[in-house]
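S.K.: Build me a model:
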Amino acid sequence: MSDMVDACVIGSGAGGQKAALAAAKLGKRVLVIEREAVCGGAMINTGTVPSKALREIIQSELVQRVRRSSDAARRGDELLQYALESTRRIISAEHRVIEEQFRRQGIEVIRGEARFRSPLEIEVVEGGRARTIVADKFFIATGSSPAKPTNFDFDGEHILTSDDVLRMRKLPRSMIIVGGGVIGTEYASMFTHAGVEVTLVEGKSRLLDFIDGQIGESLQYQLRKAGMILRLSESVVRVRRLDESTPGGARVEAILESGKTLRGDALMYCVGRQGNTASLNLESAGLRADSRGRISVNSSYQTQVDHMYAIGDVIGFPALASTSMEQGRIAACHAFGARCESFDSLFPYGIYTIPEVSMVGWTEERLTAEQIPFESAVASYHETARGQMIGDEQGLLKLLVHQDSHTILGVHAIGTSATELIHIGLTAMAHKATVEYFVNAVFNYPTLAECYKIAAMNAVEKLHRL
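M.R.: Numbers count the residues shown, from 1 in each chain. Next comes the predicted model:
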């Protein structure tokens, strides 16, 4: 006998949670299928929350005191265990929040592997027993996993992916990180600030090439200043484990395409992710994934099969927890005919390196390529009293303003609380504010938000010269 529901959500990560909650609040009977023992997906269990929790602990004064300790190796291992235990407590708290939200909305969660039997039926193997679910609407939110090339002998200790971090038993003295995207750069900065000798290898000429060039240059300068070695325009062609008798004690060797040899205690591979669709039997549902396991959708996150939606990492870019949440809400509203307004094309990026980087809107490079006339203006944190108080000499906020309409086209920030500060710019842009809004606005003193007023006044001065 089959169970019948209005909405079946496969996966309980960022997108799946919000799709389930939105559908339930529309009065629908919702069932969530989660193959892991706990809810939350990569967002809670291996990705967003753990990495950001680790970052906060590593950046704390406690870590910096340990770094300066005379017995840094021993204390570094103690610190890692303290950080991981603290992170696990945060993860457990998030599990309870999700479970309580589902309970309040009457959402049933079953744990097992989901597999489509037809476009209207899905089978779940739960505790060795098969259960068939029939749903009016399906939401595929199965997320993604780190790509693992076959020529890398991953062991979770010396050659690892980002998912293996929470299982680390000791802090390596040195680490090679392959991939200068968001995940690789975040972990590289964390480990550097924890006292690890980090070499970051990136195939492109700069890290995070989608961010504003000036912000990117500042980030690379600060990472190098912290002690990180950057190997840009380089790629790894071969990796092998070394035995304990290797001179210097290194356990991993990486050969670069240029012929250079790198050695370290550990290597973390952070290039690409693969959509978790292989076990879903998508063909029986009338769907197909691409070579990276991703499903194509329209602007409402509807697949080629009308009653099926896909959200989050499984559809690819931008693959952020924040955008996945919004996709889940939009998809559920569209599926059940509810009105739904969104600024989904205007989303902020939060990159939790040390220092933080955040942006919303256009970059200088894109504006130049599109031949859109603009003016840029910068405010440095050290120009504000708050910046002086917190000792952030390198932080800055940048505004990009249209030369004719004076509307704000982009906001970019690097430094303390950049990922919080960006939301002021996001709100202004969503409501088509001009740069004069920030000139006329009153900001609390002393705050970093004053950077908006400083940058705006600089922009207006430049615009009046035209």
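S.K.: Skipping its backbone neighbours, what lies nearest residue 263 in space?
M.R.: Leaving aside its sequence neighbours, residue 263 sits nearest to residue 250 (Cβ to Cβ, 6 or more residues apart in numbering; 3.8 Å). For glycine as for every other residue, the C-beta is placed from the backbone atoms N, C-alpha and C.
S.K.: show me what contacts that neighbour?
M.R.: 174, 242, 263, 264, 265 (Cβ atoms under 8 Å, 6 or more residues apart in numbering).
S.K.: separation between it and residue 201?
M.R.: Distance from residue 250 to residue 201, counting by Cβ to Cβ, to the nearest Å: 16 Å.
S.K.: now residue 283
M.R.: Counting by Cβ to Cβ, the gap from residue 283 to residue 201 is 38 Å.
S.K.: Tell me the one of the contacts of residue 250 nearest residue 184?
M.R.: residue 264 (14.4 Å; Cβ to Cβ).
S.K.: So that closest one sits against residue 160, correct?
M.R.: No: Residue 264 is not in contact with residue 160 according to Cβ atoms under 8 Å; the separation is 11.9 Å.
S.K.: what's the neighbour count on the residue lying closest to residue 227 once chain neighbours are set aside?
M.R.: The spatial neighbour of residue 227 that comes closest, neighbours along the chain excluded (Cβ to Cβ, 6+ apart), is residue 192 at 5.6 Å. Neighbour count for residue 192, taken as other Cβ atoms under 10 Å: 23.
S.K.: which residues does residue 192 contact?
M.R.: 198, 223, 226, 227, 228, 354.
S.K.: in what helix or strand does it lie?
M.R.: In the assignment (DSSP states H and E), residue 192 maps to helix 182-193.
S.K.: tilt between the helix or strand just after that helix and helix 182-193?
M.R.: Proceeding N to C from helix 182-193, the next assigned helix or strand is strand 197-202, under DSSP H and E. Inter-element angle recorded for strand 197-202 and helix 182-193: 160 degrees (by axes from the mean of the first three to the mean of the last three Cα atoms, to 10 degrees).
S.K.: ok, strand 197-202: who's next to it in the sheet?
M.R.: strand 174-178 (parallel), strand 229-232 (parallel) (DSSP bridges).
S.K.: in the helix or strand just after it, what counts as buried?
M.R.: Using DSSP H and E, the next helix or strand after strand 197-202 towards the C-terminus is helix 213-226. Buried positions in helix 213-226, judged by neighbour count with 16 or more other Cβ atoms under 10 Å: 214, 215, 216, 218, 219, 220, 222, 223.
S.K.: Now do residue 168, the pLDDT please.
M.R.: Looking at residue 168, its pLDDT reads 86.
S.K.: OK, contacts around the closest residue to it other than its chain neighbours?
M.R.: Nearest non-adjacent residue to residue 168, counting by Cβ to Cβ, 6+ apart: residue 80, 6.4 Å away. The contact partners of residue 80, by Cβ under 8 Å, 6+ apart, come to 168, 170, 171, 194.
S.K.: what kind of secondary structure is residue 80 in?
M.R.: Three-state call for residue 80 (DSSP: H, G, I helix; E, B strand; the rest coil): helix.
S.K.: The one 10 residues further on too?
M.R.: Per three-state DSSP, the secondary structure class of residue 90 is helix.
S.K.: now residue 248
M.R.: helix.
S.K.: do the same with residue 346
M.R.: Going by three-state DSSP: residue 346 is coil.
S.K.: Give the burial count for it, as a bare number.
M.R.: 11.
S.K.: helices and strands of the chain: which one bottoms out on pLDDT?
M.R.: Ranked by mean pLDDT, DSSP states H and E, the weakest helix or strand in the chain is helix 61-67, scoring a mean of 55.
S.K.: Mind picking the two most distant members of the contacts of residue 250?
M.R.: 174 and 242 (12.3 Å).
S.K.: neighbour-wise, which of the two wins?
M.R.: The residue with more neighbours, out of residue 174 and residue 242, is residue 174; 21 against 17, by other Cβ under 10 Å.
S.K.: Contact partners for the more buried one?
M.R.: Here residue 174 is in contact with 196, 197, 198, 199, 250, 263, 264, 265, 266 (Cβ under 8 Å, 6+ apart).
S.K.: with those in mind, which one is nearest to residue 395?
M.R.: residue 198 (22.1 Å).
S.K.: Check what pLDDT the closest one gets.
M.R.: On the pLDDT scale, residue 198 gets 97.
S.K.: Surely residue 253 is within a helix?
M.R.: No: using three-state DSSP, the assignment for residue 253 is strand, not a helix.
S.K.: what's across from it in the sheet?
M.R.: Here residue 253, judged by DSSP bridges, has bridge partners residue 240, residue 263.
S.K.: Any figure for the gap between the spatially most central residue of the chain and residue 162?
M.R.: The centre of the chain sits closest to residue 320, judged by Cα atoms, centre = their mean, with a distance of 4.9 Å. In this view, residue 320 and residue 162 are 15 Å apart by Cβ to Cβ.
S.K.: try residue 152
M.R.: From residue 152 over to residue 162 (counting by Cβ to Cβ), the distance is 14 Å.
S.K.: Tabulate the buried residues of helix 213-226 in TSV, adding columns for pLDDT.
M.R.: Shown next, in TSV, are the buried residues of helix 213-226 (pLDDT from 0 to 100):
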residue	pLDDT
214	96
215	97
216	97
218	97
219	97
220	97
222	96
223	97
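S.K.: Now render these as TSV, adding distance to residue 187.
M.R.: Listed next are the buried residues of helix 213-226 as TSV, based on distance: Cβ to Cβ, whole Å:
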residue	distance to residue 187
214	24
215	19
216	18
218	20
219	14
220	16
222	16
223	12
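S.K.: for the record, mean pLDDT for the top strand by length along the chain?
M.R.: Counting by DSSP state E, the longest strand found in the chain is strand 129-140. On average, the pLDDT along strand 129-140 is 94.
S.K.: distance between it and the chain's centre?
M.R.: Computed by Cα atoms, centre = their mean, to the nearest Å, the chain-centroid distance of strand 129-140 equals 29 Å.
S.K.: likewise stretch 324-344?
M.R.: So, by Cα atoms, centre = their mean, the centroid of stretch 324-344 is 21 Å from its chain's centroid.
S.K.: got any ranges where the stretch 101-250 of the chain has weak pLDDT?
M.R.: Along the stretch 101-250 of the chain, the model assigns pLDDT under 70 to residues 245.
S.K.: and the nearest residue to residue 127 once chain neighbours are set aside, what does it touch?
M.R.: Nearest residue to residue 127, sequence neighbours excluded (Cβ to Cβ, 6+ apart): residue 112, at 7.3 Å. For residue 112, the contact set (Cβ under 8 Å, 6+ apart) comprises 33, 35, 124, 125, 126, 127, 131.
S.K.: ok, 7 Å please
M.R.: 33, 35, 124, 125, 126 (Cβ atoms under 7 Å, 6 or more residues apart in numbering).
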